[in-house]
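# fold the following for me, if possible:
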Amino acid sequence: MRYSRVVGWLSMVVATLAVGAQAEPITQEQFLDHLKQSHPLFDREKLTAQIEAEEQKSLLGREDWNVQSSLFLSHEEPALAISGPERTDAVTLTGGLDRLFWSTGGRLSASFSSGYADMKLDPFLGVGDSFYEQKLFVAYEHPLKRNKAGLLDRLQFDLKQFDIDLAEVMATENEEDFLAAAASRFLDWVYLNEQHRIVAERLSLSQEQLANTQKRREANLIDEVDVIRAEDAVRIARQNLFLIESETRAVQAELAVLVQNDSYNEGSPRYDLYQIVQLPTLEDARGQLTNDSRLLKSVGLKLDQLVALRSGLVNREKADLSLVAQLGLKRADENLGQSLAMDKPEARLGLRLGFPLGNRTAKSEIARNDLLSLRLQKRYEELTLDLTSATANVHTRIKELTRVLKLNQEQILSARTKTDQEQKLYDQGRGQLTFVIQSRDSEQAAQLIFAANALTYHKLLLQYRALTDQLHGHDAGDS
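Reported below is the predicted structural model:
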């Protein structure tokens with residue numbers, strides 16, 4: 001006796017610890033957070049904007065200093081004996097750097113040249129036959145019409161910012177689509193658990209009914225056929241329960257792989273499937289959609305990009321009028337040290353003008369840009385209608401389905417009352433077990449229909465939140 005008591009006590013303790021060790025039910029918000037942390041899609045989507053940002057940074061290289069250098073050895077003899085020296089041998093080393101300034105559109109350049117020339121001249125001229133030459137020049141070119149304020153120089157950089165913003169918007173939209181699909185599967189898990197509860201309850205009642213029927217048969221109060229009917233009800237309930245359990249395990253395995261967490265195979269969801277949510281009015285929903293829709297924002301970004309591109313194309317049509325300034329020092333001398341003095345100044349200041357006749361290319365590009373903008377504007381209007389109509393459809397279906405859910409509750413109450421009455425009649429010997437079983441089946445069917453309609457309701461809520469861009473970064477509907 002003592003041993004059996006100890007064993008019983010230990011069994012109770014182990015059972016209590018096992019229950020306490022079970023994982024807490026998983027909410028939909030927790031499930032979506034797990035997805036965001038573990039699924040590679042979210043890292044992949046972030047990379048898209050990062051790639052665009054790196055491409056934009058690469059354009060900054062156009063504003064870097066550009067260094068150039070050269071070294072030339074030359075030998076020259078004149079075509080005619082009277083046209084110059086009989087021979088010239090020279091060595092020239094040049095170096096320089098230049099840079100664009102996007103803030104002004106100007107170009108600054110500096111160059112240095114050092115050379116040595118050895119010439120064979122007529123001895124009667126009295127001129128030396130070798131000398132060194134040094135030159136140092138600084139030049140600046142400033143645009144006055146085309147590319148004024150560096151518009152064309154930084155145009156591609158500015159346009160790339162729209163690509164970055166668009167990539168971020170579409171990455172969030174793609175993430176939300178993925179989360180909506182995953183949240184829908186979570187709701188399937190919730191629904192299967194509710195089905196399991198309903199069918200398990202039906203099985204328990206069937207087993208209880210079978211036990212009572214067997215007792216009454218042993219007392220010869222009923223026929224054997226009632227026992228067979230009660231046994232069939234138990235078998236059918238068990239079959240339904242096994243089917244639900246197998247489908248539940250499949251969904252759990254799918255979600256466990258998605259979040260890369262095996263604990264989902266043993267966990268359970270926590271979600272109020274029968275909660276009714278208060279929605280804003282349809283007019284408010286439409287206004288929210290117009291203001292916050294990421295899809296509309298993506299088209300708007302493309303339109304803004306075309307506006308920025310058009311300003312560049314219009315600027316490219318203008319004449320290339322630039323102010324050019326150059327200042328230099330130079331010196332040539334037979335002595336290397338004297339040539340380094342570079343005390344001979346040289347300065348230039350002027351205007352440079354150039355323009356294509358007709359400018360057909362720029363005009364055609366502007367016309368094409370305008371047509372693209374018009375097409376995008378029509379796409380914006382089309383997308384607005386599509387999203388608004390889809391939102392109106394879902395919003396209306398949600399509102400109407402709340403009425404159906406209330407009727408489902410009334411049907412369950414009616415079926416439950418009928419079952420109680422049929423059971424009383426059967427217990428009094430004035431009814432048939434068939435009617436009790438049928439009534440309980442009707443009650444279970446009403447509960448399953450209620451659960452299925454509740455699932456549809458919450459999937460519509462999920463669709464509504466995805467349409468109005470409320471799902472990403474927000475609670476998807478936990479209670």
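
# so Leu471 touches Leu461, yeah?
No. Counting by CB atoms under 8 Å, Leu471 stays clear of Leu461, with 10.1 Å between them. C-betas here are computed from N, CA, C, even on glycine.

# packing partners for the lengthiest helix in the chain?
Counting by DSSP state H, the longest helix found in the chain is helix 360-427. Counting contacts by 3 or more CB pairs under 8 Å, 6 or more residues apart in numbering; DSSP states H and E, helix 360-427 is packed against helix 282-292, helix 294-317, helix 433-467.

# just give me how far that helix sits from the chain centre.
The chain centroid and the centroid of helix 360-427 are separated by 23 Å under CA atoms, centre = their mean, to the nearest Å.

# closest one to Gln68 among the helices and strands packed on helix 360-427?
Across those, Gln68 has its closest neighbour in helix 294-317 (27.0 Å, CB to CB).

# and the closest one with helix 433-467, angle?
Helix 294-317 and helix 433-467 meet at an angle of 20 degrees, taking axes from the mean of the first three to the mean of the last three CA atoms, to 10 degrees as the criterion.

# give the buried residues for helix 294-317.
By neighbour count with 16 or more other CB atoms under 10 Å, helix 294-317 contains the buried residues 294-299, 301-303, 305-306, 309-310, 312-313, 315-317.

# contacts made by it with the rest, please.
If you take CB atoms under 8 Å, 6 or more residues apart in numbering as the criterion, helix 294-317 is touched by 146-148, 151-152, 155, 158-159, 162-163, 165-166, 169-170, 172-173, 176, 289-290, 359, 362-363, 365-366, 369-370, 372-373, 376-377, 379-380, 383-384, 387, 469.

# narrow the residues you listed to those that are buried.
By neighbour count, with 16+ other CB under 10 Å, the contacts of helix 294-317 hold 146-148, 151-152, 155, 158-159, 162-163, 165-166, 169-170, 172-173, 176, 289, 362, 365-366, 369, 372-373, 376, 380, 384, 387, 469 as buried.

# helices or strands next to whichever helix or strand Val169 is part of in the packing?
If you go by DSSP states H and E, Val169 is part of helix 155-218. On a contact count with 3+ CB pairs under 8 Å, 6+ apart, helix 155-218 meets helix 28-38, helix 40-59, helix 224-259, strand 269-270, helix 294-317, helix 433-467.

# and the ones you listed as JSON lines, adding mean pLDDT and distance to Arg107?
Formatted as JSON lines, the helices and strands packed on helix 155-218 follow (pLDDT from 0 to 100; distance: least, CB to CB, whole Å):
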{"stretch": "helix 28-38", "mean pLDDT": "95", "distance to Arg107": "48"}
{"stretch": "helix 40-59", "mean pLDDT": "95", "distance to Arg107": "17"}
{"stretch": "helix 224-259", "mean pLDDT": "94", "distance to Arg107": "56"}
{"stretch": "strand 269-270", "mean pLDDT": "96", "distance to Arg107": "65"}
{"stretch": "helix 294-317", "mean pLDDT": "95", "distance to Arg107": "17"}
{"stretch": "helix 433-467", "mean pLDDT": "93", "distance to Arg107": "51"}
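
# how about those in a markdown table, adding distance to Gln207?
Output for the helices and strands packed on helix 155-218, formatted as a markdown table (distance: least, CB to CB, whole Å):
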| stretch | distance to Gln207 |
| --- | --- |
| helix 28-38 | 33 |
| helix 40-59 | 46 |
| helix 224-259 | 6 |
| strand 269-270 | 26 |
| helix 294-317 | 53 |
| helix 433-467 | 12 |
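
# of these, which is nearest Gln411?
Judged by CB to CB, the one of those that comes nearest to Gln411 is helix 433-467, at 4.6 Å.

# could you check the angle helix 28-38 makes with the closest one?
Calculated by the same axes, to 10 degrees, helix 433-467 forms an angle of 50 degrees with helix 28-38.

# domain parsing for the chain?
26-54+158-303+373-467, 65-101+106-146+320-354 (automatic domain parsing).

# so which of the ones you listed is the most surrounded?
The highest average neighbour count among these, using mean count of other CB atoms under 10 Å, belongs to domain 26-54+158-303+373-467 at a mean of 16.

# how long is that domain end to end?
In terms of CA to CA, to the nearest Å, the two terminal residues of domain 26-54+158-303+373-467 are separated by 25 Å.

# please compute how far it lies from its chain's middle.
For domain 26-54+158-303+373-467 - counting by CA atoms, centre = their mean - the centre lies 25 Å from the chain centre.

# ok, now stretch 353-373?
Centroid displacement of stretch 353-373 relative to its chain, using CA atoms, centre = their mean, is 35 Å.

# and stretch 143-161, average pLDDT?
The average pLDDT for stretch 143-161 rounds to 94.

# just the residues contacting that stretch, thanks.
52, 55-56, 59-60, 62-63, 100-106, 305, 308-309, 311-312, 315-316, 318-323.

# what's the nearest residue to Leu210 if we skip its chain neighbours?
Ala230 (4.1 Å; CB to CB, 6 or more residues apart in numbering).

# so that neighbour makes contact with Lys215?
No. Using CB under 8 Å, Ala230 makes no contact with Lys215, being 11.1 Å away.

# surely Leu321 is in a strand?
Yes. With DSSP: H, G, I helix; E, B strand; the rest coil as the criterion, Leu321 is part of a strand.

# residues contacting it?
Shown in contact with Leu321 (CB under 8 Å, 6+ apart): Pro143, Leu144, Lys145, Arg146, Leu351, Arg352, Leu353.

# apply 6 Å and report the result again.
Residues in contact with Leu321 (CB atoms under 6 Å, 6 or more residues apart in numbering) are Leu144, Lys145, Leu353.

# so which of those are in strands?
Using DSSP state E, the subset of the contacts of Leu321 located in strands is Leu353.

# reformat the contacts of Leu321 as a markdown table; add distance to Ile222.
Compiled in a markdown table, these are given as follows (distance: CB to CB, whole Å):
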| residue | distance to Ile222 |
| --- | --- |
| Leu144 | 109 |
| Lys145 | 106 |
| Leu353 | 113 |
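
# excluding its backbone neighbours, what's nearest the residue nearest the centre of the chain?
Nearest residue to the geometric centre of the chain (CA atoms, centre = their mean): Ala171, 1.2 Å. Once flanking residues are discounted, Ala171 sits nearest to Glu45: 3.7 Å by CB to CB, 6+ apart.

# and that neighbour, how far from Ser293?
Distance, Glu45 to Ser293, by CB to CB, to the nearest Å: 18 Å.

# got it, and Leu401?
Separation of Leu401 from Ser293 (CB to CB): 24 Å.

# same check, this time on Gln463
Distance of Gln463 to Ser293, given as CB to CB: 14 Å.

# also Thr419?
Here the criterion is CB to CB. By it, Thr419 lies 49 Å from Ser293.

# any idea of the mean pLDDT for the longest helix of the chain?
94.

# which of the helices and strands packed on helix 360-427 sits closest to Thr27?
Of all the helices and strands packed on helix 360-427, it is helix 433-467 that lies closest to Thr27, at 13.5 Å by CB to CB.

# now for the closest one, which elements pack on it?
helix 155-218, helix 224-259, helix 360-427 (3 or more CB pairs under 6 Å, 6 or more residues apart in numbering; DSSP states H and E).
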